[in-house]
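>>> quick one, structure for this:
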Amino acid sequence: MEAKELRQKSTGELQKLLQELREKLFEYRLQLAQNQMKKSHLVGEIRADIARVMMVLNEIPLAVTASGAKQSPVKAGDAKHQLKQ
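Numbering: from 1, shown residues only. Model prediction:
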């Protein structure tokens, strides 16, 4: 699964896909723990797919803020002040 393909999907589709991948990872981990899984490399592939989906989901808010939503600039002193409160 490539990131290009994932970027074309809606947020709902990506969240559904993420849930399905997490369920599949859970099943694979159970099989791996019980020595029933012969293709253990699939665990790593599923983890990589999950990371790709999460990356694309995290890109969506960044694209919205970059496309036109104005944000007030944060000054160096402001961040420290907010942490103290």
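
>>> what lies in contact with stretch 10-27?
With C-beta atoms under 8 Å, 6 or more residues apart in numbering as the test, stretch 10-27 has contacts from 6, 9, 43, 46-47, 49-50, 53-54, 56-57, 60. To be clear about C-beta, it is placed using only N, CA and C from the backbone, and glycine gets the same treatment.

>>> farthest pair in these?
Val43 and Ile60 (27.0 Å; C-beta to C-beta).

>>> more neighbours: those two, which one.
Val43 (16 against 12; other C-beta atoms under 10 Å).

>>> do I have it right that the more buried one meets Ala33?
No. Counting by C-beta atoms under 8 Å, Ala33 is not a contact partner of Val43; they are 10.7 Å apart.

>>> OK, contacts around the residue most central in space within the chain?
Nearest to the mean C-alpha position of the chain, counting by C-alpha atoms, centre = their mean, stands Met54 at 0.9 Å. By C-beta under 8 Å, 6+ apart, the residues touching Met54 are Leu18.

>>> and Met37, which of the three is it?
For Met37, the assignment made with DSSP: H, G, I helix; E, B strand; the rest coil gives coil.

>>> what about the nearest residue to it once chain neighbours are set aside, how many residues nearby?
Nearest non-adjacent residue to Met37, counting by C-beta to C-beta, 6 or more residues apart in numbering: Gln31, 4.0 Å away. The local packing of Gln31 (other C-beta under 10 Å) involves 16 other residues.

>>> cool, Tyr28 as well?
Neighbours around Tyr28, by other C-beta under 10 Å: 20.
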